[in-house]
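Visitor: let me see the structure of the following:
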Amino acid sequence: MNQHATPTTIALPTTGRRAAYAFFRDGLGLPTPGDPAEDGVPEPLRVVLNSDTEVMLIPADGFAFVTGREATSDGRAECMISLPTESPAEVDARFARAVGGGGTAVAPPAMTPWGSFYRALVADPDGHLWQLMCLDAGGQASAGSEEDA
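Guide: Reported below is the predicted structural model:
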């Protein structure tokens, strides 16, 4: 039995390592461990989501070499990754940082239409969707956000 647990790794293609690195490190404020390669970005480019999960960003032109399948190139999002937060205010702050760090606003911070949690949706520079969410919003939006009509 292996005594060293490895994290679950989500592999996503990227067309711009520097833009992805800046988005995850500065925009979402997530750890991006590793020594910088010649381009100033860690190789491999990993993003730690929590102690059990990380994202590995693979250059799109090498994605098939690693996965056996070509990366889509038509802008379709094939998945959405959710990042939990402690409060609606944290959703607002992380959304603003993510957009300021190179992300694209997809859905501004608000209670979900079904009213069960507060969330925002942002696309990273490669178009992958990231949901910033607070499950314990108590039906209350943050003071600075737009509420659904």
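Visitor: for the rest of this, base every contact and every neighbour count on C-alpha atoms.
Guide: OK.
Visitor: what's next to stretch 91-104, contact-wise?
Guide: With Cα atoms under 8 Å, 6 or more residues apart in numbering as the test, stretch 91-104 has contacts from 19, 22-24, 26-29, 85, 105, 108-109, 118-125, 132-134, 142, 144-145.
Visitor: try stretch 33-47
Guide: Residues outside stretch 33-47 that contact it (Cα under 8 Å, 6+ apart): 17-18, 21, 24, 30-32, 48, 54-58.
Visitor: looking at these, which is nearest Thr67?
Guide: Set against Thr67, the nearest of those by Cα to Cα is Ile58 (9.8 Å).
Visitor: stretch 88-99: which residues count as buried?
Guide: Pro88, Ala89, Glu90, Val91, Asp92, Arg94, Phe95, Ala96, Arg97, Ala98, Val99 (16 or more other Cα atoms under 10 Å).
Visitor: and the third one, that one's in a strand?
Guide: No. Using DSSP: H, G, I helix; E, B strand; the rest coil, the secondary structure at Glu90 is helix, not a strand.
Visitor: got CSV for the contacts of stretch 33-47, with neighbour count too?
Guide: CSV is the format used below for those (neighbours: other Cα atoms under 10 Å):
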residue, neighbour count
Arg17, 22
Arg18, 15
Tyr21, 23
Phe24, 22
Leu30, 16
Pro31, 16
Thr32, 23
Val48, 18
Glu54, 19
Val55, 17
Met56, 18
Leu57, 22
Ile58, 24
